[in-house]
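A.B. asks: Okay, here's the prediction I keep looking at, along with the sequence it came from:
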Amino acid sequence: MLAVAIVLYLLSTVAIGAWASKRVKNAKDFMLAGQQLPLFLSTSALFATWFGSETIFGASSEYLEHGLLGVIEDPFGGALCLILFGMFYVKPIYRMRVSTLGDVYVRLFGKKVGYISSLCMVPAFFGYTAAQLVALSLILGAVTGASLIQGILIAVIIVVVYTFLGGMWAISITDFIQTLVIVVGLIWVTVIILRDAGGASAILADAPPGSFQFFPPPELSAWGNYFGAWAILGLGSIPSQDIYQRVMASKSERVAQRSLYLAAACYLTFGLLPLFIALGAKTLYPDLYLENPQMLLPQMVLQHAGLGVQILFFGALLSAIMSTTSSSLLAPSAILSENILRPYLTQYSDRKMLWLLRINVVAVALVSVFMATWKANIYELVADASILLLVSLFVPLTAGLYWKKASKFGALLSIFFGMSSYFVLDQFTFAIPSFLLATACSALGMVLGTLIKPKNPRCNPIIRSST
């Protein structure tokens, strides 16, 4: 019966994608939902940005092993990113009214920097999408007994179909429905855990030592790792097409900013529920042994909960992960189409560009399937994706928006210094994480490049007074 319910849920999602395709008339509709999303759809879309596999699977298993210090990256870092984007980035970026984040770099520094930035963005999404496919496969495997490879193939077919049909409209509408399922499902399971465990005090009293330690010990390496965990999603996801397309789909600048703050509050609130559920599951079933700790919550529900709870819980899991997967497929597809391929396809009509976007959705999915079968640790896949964006693109974006002297050559040197130094420094062990050192190198590159070749004041017009 559970498997039947899962199949019906997946089919309904595909049906929503087919219905949403009626709203897709051009490439802008496909990428940004025509910039027509009201507050409730915009908020649910932003909330769903990272509320997927890493929050429910990865973070819960990390929390049981390392406590709060193990989950600073997510959900805390994710909420920080939404807040920072709302405070410092949404207004100047929204007012540019461009289709992709790659176009933002074009406005700031010119076509060459925009092209290189776009090339840096796309690979990061392969690992991120792969993480979601692994999580979907784990769910399907727990319910149906499918192998990892079989589950990945089934998952990618379903997500590709409804993303291919409806684009951002399909993602936004399903995000809203899926957010409701996520909230209800997690609250329901939390109430059951509280009831069976004898209340919150019993669960908290049985928590392992260090479960609630929020700050690291007074050691340089510990604090370096601590700030690094905050930075991975908190800063690394700011120069991301994923969050950009959700923000720009809002119908106004004000709606976009308010949605970011509301989504951050929801993300932090409901992002902590999987951690509490995992803690309660360990209290209730201390002998539940799993070779894969990421599967603690699903196996607990399967073995010790009734059918109604199972349907709602797995519906919530599928909801969270599918919404994240579809968005992570669309983001690099938009960059590929608009910023990497379009300069060579100047004669393409908007209708042809729409089909190119859809074809790229399939292409990104195929590469992500390969990565998912190569590396199956969800938390690591997500972290690797955000780190690439942090070391290469965070500094140029921030400097371009807030440092009037930031030049094209400074941006190029920043990207080169950041990416190359990361690959070198990551081969060694330091008290401070290699990606933070590489981000500092990126900042150094921006300063040196701007001093060597200052900005031509007649180039790259941008309305800085709006910031």
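C.D. replies: Structure's in. What do you need? As the structure is a prediction and not an experimental result, all values here were calculated from the model.
A.B. asks: give me the number of residues near residue 149?
C.D. replies: Using other CB atoms under 10 Å, residue 149 has 12 other residues around it. C-beta: built from backbone N, CA, C; applies to glycine.
A.B. asks: can you list the weak-confidence ranges in the stretch 151-300 of the chain?
C.D. replies: Residue ranges of the stretch 151-300 of the chain with pLDDT under 70: 287-295.
A.B. asks: residues of stretch 217-232 that come out buried?
C.D. replies: Burial within stretch 217-232, assessed by neighbour count using 16 or more other CB atoms under 10 Å, is assigned to 224-226, 228-229, 231-232.
A.B. asks: Also stretch 95-105?
C.D. replies: Neighbour-count burial for stretch 95-105, with 16+ other CB under 10 Å as criterion, is recorded at 96, 98-105.
A.B. asks: next one: stretch 342-362
C.D. replies: Buried residues in stretch 342-362, counted by 16+ other CB under 10 Å: 342, 348, 353-354, 356-358, 360-361.
A.B. asks: got it, and stretch 279-287?
C.D. replies: 279-284.
A.B. asks: who touches that stretch?
C.D. replies: With contact meaning CB atoms under 8 Å, 6 or more residues apart in numbering, stretch 279-287 is reached by 63-64, 190, 193-194, 196-197, 202-204, 206-207, 211, 288, 296-297, 300, 303-304.
A.B. asks: and the closest residue to residue 272 other than its chain neighbours, what is it in contact with?
C.D. replies: Nearest residue to residue 272 in three dimensions, chain neighbours excluded: residue 75, at 6.6 Å (CB to CB, 6 or more residues apart in numbering). Residue 75 sits next to 50, 55, 59, 267-268, 271-272 when contact means CB under 8 Å, 6+ apart.
A.B. asks: mind giving me JSON lines with those residues and columns for secondary structure, neighbour count and distance to residue 168?
C.D. replies: Output for the contacts of residue 75, formatted as JSON lines (DSSP: H, G, I helix; E, B strand; the rest coil; neighbours: other CB atoms under 10 Å; distance: CB to CB, whole Å):
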{"residue": "50", "secondary structure": "coil", "neighbour count": "30", "distance to residue 168": "17"}
{"residue": "55", "secondary structure": "helix", "neighbour count": "28", "distance to residue 168": "22"}
{"residue": "59", "secondary structure": "helix", "neighbour count": "28", "distance to residue 168": "26"}
{"residue": "267", "secondary structure": "helix", "neighbour count": "26", "distance to residue 168": "20"}
{"residue": "268", "secondary structure": "helix", "neighbour count": "16", "distance to residue 168": "25"}
{"residue": "271", "secondary structure": "helix", "neighbour count": "22", "distance to residue 168": "23"}
{"residue": "272", "secondary structure": "coil", "neighbour count": "18", "distance to residue 168": "28"}
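A.B. asks: for these, which one is nearest residue 310?
C.D. replies: residue 55 (19.9 Å; CB to CB).
A.B. asks: pLDDT weak spots in the stretch 1-150 of the chain?
C.D. replies: Across the stretch 1-150 of the chain, residues meeting the criterion (pLDDT under 70) sit at 52-54, 57-58.
A.B. asks: next one: phi and psi at residue 429?
C.D. replies: Backbone torsions of residue 429, given as degrees, to the nearest 10, read phi -110, psi 130.
A.B. asks: What number of residues are in the vicinity of it?
C.D. replies: 9.
A.B. asks: In terms of pLDDT, where does it sit?
C.D. replies: On the pLDDT scale, residue 429 is placed at 87.
A.B. asks: From residue 224, how far out is it?
C.D. replies: Using CB to CB, to the nearest Å, residue 429 is found at 11 Å from residue 224.
A.B. asks: before we move on, back to that, among the buried residues of stretch 342-362, which pair sits farthest apart?
C.D. replies: Spanning the widest gap among these are 348 and 361, at 16.9 Å by CB to CB.
A.B. asks: which residues does the closest residue to residue 415 other than its chain neighbours contact?
C.D. replies: Excluding its sequence neighbours, the residue lying closest to residue 415 (CB to CB, 6+ apart) is residue 392, at 5.0 Å. Neighbouring residues of residue 392 by CB under 8 Å, 6+ apart: 117, 120, 415, 418-419, 422, 442.
A.B. asks: Please repeat the previous calculation with a cut-off of 10 Å.
C.D. replies: Neighbour list for residue 392: 116-117, 119-121, 124, 236, 239, 414-420, 422, 438-439, 442 [criterion: CB atoms under 10 Å, 6 or more residues apart in numbering].
A.B. asks: Can you show me the strands along the chain?
C.D. replies: Assigned by DSSP state E, the chain shows no strands.
A.B. asks: what distance separates the longest helix along it from the centre of its chain?
C.D. replies: In the chain, with assignment by DSSP state H, the single longest helix is helix 148-197. What separates the centre of helix 148-197 from the centre of its chain is 14 Å, taken as CA atoms, centre = their mean, to the nearest Å.
A.B. asks: do stretch 345-354 as well
C.D. replies: On CA atoms, centre = their mean, the centre of stretch 345-354 falls 29 Å from that of its chain.
A.B. asks: just stretch 5-13 next, same as before
C.D. replies: Using CA atoms, centre = their mean, the offset of stretch 5-13 from its chain centre is 23 Å.
A.B. asks: List of residues touching it?
C.D. replies: Residues outside stretch 5-13 that contact it (CB under 10 Å, 6+ apart): 136, 139-140, 143-144, 154-155, 157-159, 161-162, 170, 174, 177-178, 181, 307-308, 310-312, 314-315, 317-319, 322-323, 326.
A.B. asks: Just the buried residues from the residues you listed, in PyMOL please.
C.D. replies: Filtering the contacts of stretch 5-13 down to the buried ones (16+ other CB under 10 Å) takes a single PyMOL command:
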select buried, resi 136+139+140+143+154+155+158+159+161+162+170+174+178+181+310+311+312+314+315+317+318+319+322+323+326
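A.B. asks: coming back round to it: buried members of the contacts of stretch 279-287 into ChimeraX, please.
C.D. replies: Typed into ChimeraX, the line below selects the buried ones among the contacts of stretch 279-287, using 16+ other CB under 10 Å:
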select :63,64,190,193,194,196,197,203,206,207,211,296,297,300
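A.B. asks: Can you flag which of the contacts of stretch 279-287 belong to helices?
C.D. replies: Filtering the contacts of stretch 279-287 for membership in helices, criterion DSSP H, returns 63-64, 190, 193-194, 196-197, 202-204, 296-297, 300, 303-304.
A.B. asks: gap between the residue positioned nearest the centre of the chain and residue 11?
C.D. replies: Nearest residue to the geometric centre of the chain (CA atoms, centre = their mean): residue 50, 3.9 Å. From residue 50 over to residue 11 the distance is 26 Å, taken as CB to CB.
A.B. asks: Closest one of the buried residues of stretch 95-105 to residue 23?
C.D. replies: Relative to residue 23, the closest of the buried residues of stretch 95-105 is residue 99; by CB to CB it sits at 17.0 Å.
A.B. asks: Make CSV out of the buried residues of stretch 217-232 and add distance to residue 402.
C.D. replies: Shown next, in CSV, are the buried residues of stretch 217-232 (distance: CB to CB, whole Å):
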residue, distance to residue 402
224, 26
225, 28
226, 26
228, 23
229, 25
231, 18
232, 22
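A.B. asks: Identify, from the residues you listed, the entry nearest to residue 448.
C.D. replies: Among the buried residues of stretch 217-232, residue 231 lies closest to residue 448 (CB to CB), at 22.1 Å.
A.B. asks: Next, find the distance separating the closest one from residue 171.
C.D. replies: Distance, residue 231 to residue 171, by CB to CB: 27 Å.
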